[in-house]
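K.L.:
I would like to see how this sequence folds:
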Amino acid sequence: MAVEPARLTKAQARRVAVRAQALEAARPSNVLDALRPLTFVKVDPISAIAPSADVVLWSRLGEGYDPAELVRGLERDRTLFELDLMVRPMEDLVLFRPSMKRWPKHERTRNWMAANEQFRRDILVRLSGDGPLPATELPDTSAVPWSSTGWTNDRNVTTMLECLMMCGDVAVSARRDGQRLWDLAERVYPDVPELDHVEAYRRRNERRLASLGILRERKAGGSPNEPIDTRGIGEPARVEGLRGTWRVDPRSLEQADEPLAERTALLSPLDRLVFDRARLADLFDYEYVLEMYKPRDQRRWGYWAMPILIGDRLVGKVDATADRAEGVLRVDAIHEDEPFTRDVVEAVFSELDSLAGWLGLEIGGRAVGLG
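P.N.:
Numbering: from 1, shown residues only. Predicted structure coming up:
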């Protein structure tokens, strides 16, 4: 029997989304507690303020967040693991092992790996004896080079390592100066129970839906390397003023009427609350584009403009960069998507003070009269 979709206002849908992303006033107590509801943070080399993964965690944990805790979880305690440029709780490894056994799914990749079987063995033997190692210390013994029209063209060692990572044969053991150190997966990953791949696929999608709270019903949403199939999971819902069916995490749906414990947050442009720009426009009526790749004179908000969240509303953007040479968090502009009250201004500057304190910088720039 078909289930009648729940009826949600946009305000309820926003509360679901914000609460799912651990952005209420009550903060998680540590990195693992922050990552569990998020499912992952993306590793990205861009560091206009700080590495995006650190900014995402600072937004949840506050000024007491220490990036060294993230490193310890990855490299010493092994409570976290990095897979496909995403840091995840190690307890989620069980959900990825079945897909690793079935990888690769694309014929081109299968054929390239088959043509380079000796190359694959050479890497595994070298890591077995000398790992962990960066890609630069592994010889390229490929018989057939990897060809593409992008940055991976002829990057044979890195491409093979990433293929072996997705197969579950090697893993990222640590990072040094931004470089991944690779080792045999058996020396990085714990033994985990075996799941049927259908069950693992379903549970992964349920985890992903829970981490976002509410998503449109479709086969392949989310980012390309973290797809979410929302068909048949969660609860169906209709959102006031929006077309189509949405899917809502059941626990989140139960709390949809509960008021948020509001706080102010400055978000990384890669934060999952804002990363899906179509969902952002639908639920939050918020326009946002990451403008770092645009020429300076074509930017409306700034190179790395940080969305401003207050409660369940996205109210503006902060154009800020960390100038470590000068010891300043440089705030060049604060854009108001709606007129700021005095309380909003105070809340935004309080969060900027917290960000500057976490970075160990003084706050300055045109927007605070110190340019």
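
K.L.:
Break down the stretch 51-200 of the chain into its strands, ranges please.
P.N.:
For the stretch 51-200 of the chain, the strands defined by DSSP state E, counting those that start in this stretch cover 80-83, 86-89, 133-134, 170-176, 179-184.

K.L.:
Output the ones you listed as a markdown table; include the columns mean neighbour count.
P.N.:
(Each C-beta comes from the backbone N, C-alpha and C, glycine too.) As requested, those are arranged in a markdown table below (neighbours: other Cβ atoms under 10 Å):
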| stretch | mean neighbour count |
| --- | --- |
| strand 80-83 | 22 |
| strand 86-89 | 20 |
| strand 133-134 | 18 |
| strand 170-176 | 20 |
| strand 179-184 | 19 |
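
K.L.:
Out of those, flag the one nearest residue 289.
P.N.:
Among the strands of the stretch 51-200 of the chain, strand 86-89 comes nearest to residue 289, with 22.8 Å by Cβ to Cβ.

K.L.:
Looking at that closest one now, give me its mean pLDDT.
P.N.:
The pLDDT scores in strand 86-89 average 97.

K.L.:
Could you export it as CSV, CA atoms only?
P.N.:
Written as CSV, here are the backbone C-alpha positions of strand 86-89 (Å, rounded to 0.1, in the frame of the first residue of the first chain):
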residue,chain,number,x,y,z
MET,A,86,36.8,12.1,1.9
VAL,A,87,37.4,11.5,5.6
ARG,A,88,34.9,9.1,7.1
PRO,A,89,34.2,7.4,10.5
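
K.L.:
So what's the residue count around the residue lying closest to residue 194 once chain neighbours are set aside?
P.N.:
Counting by Cβ to Cβ, 6 or more residues apart in numbering, residue 97 is the residue found nearest to residue 194 once chain neighbours are left out, at 7.0 Å. The number of residues packed near residue 97 is 17, by other Cβ atoms under 10 Å.

K.L.:
Likewise for the one 10 residues further on?
P.N.:
Neighbours of residue 107 under the rule other Cβ under 10 Å: 8.

K.L.:
any idea how far it lies from residue 113?
P.N.:
11 Å (Cβ to Cβ, to the nearest Å).

K.L.:
Kindly report the same for residue 83.
P.N.:
18 Å.

K.L.:
about what we covered before: got CSV for the strands of the stretch 51-200 of the chain, with distance to residue 4 too?
P.N.:
Below are those laid out as CSV (distance: least, Cβ to Cβ, whole Å):
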stretch, distance to residue 4
strand 80-83, 38
strand 86-89, 35
strand 133-134, 55
strand 170-176, 45
strand 179-184, 48
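
K.L.:
which one of these lies closest to residue 212?
P.N.:
Taking the strands of the stretch 51-200 of the chain one by one with Cβ to Cβ, strand 86-89 is closest: 14.7 Å.

K.L.:
tell me the contacts of the residue nearest to residue 21 when sequence neighbours are not counted?
P.N.:
Once flanking residues are discounted, residue 21 sits nearest to residue 273: 4.8 Å by Cβ to Cβ, 6+ apart. By Cβ atoms under 8 Å, 6 or more residues apart in numbering, residue 273 lies in contact with 17-18, 21, 23, 267, 280, 307, 309.
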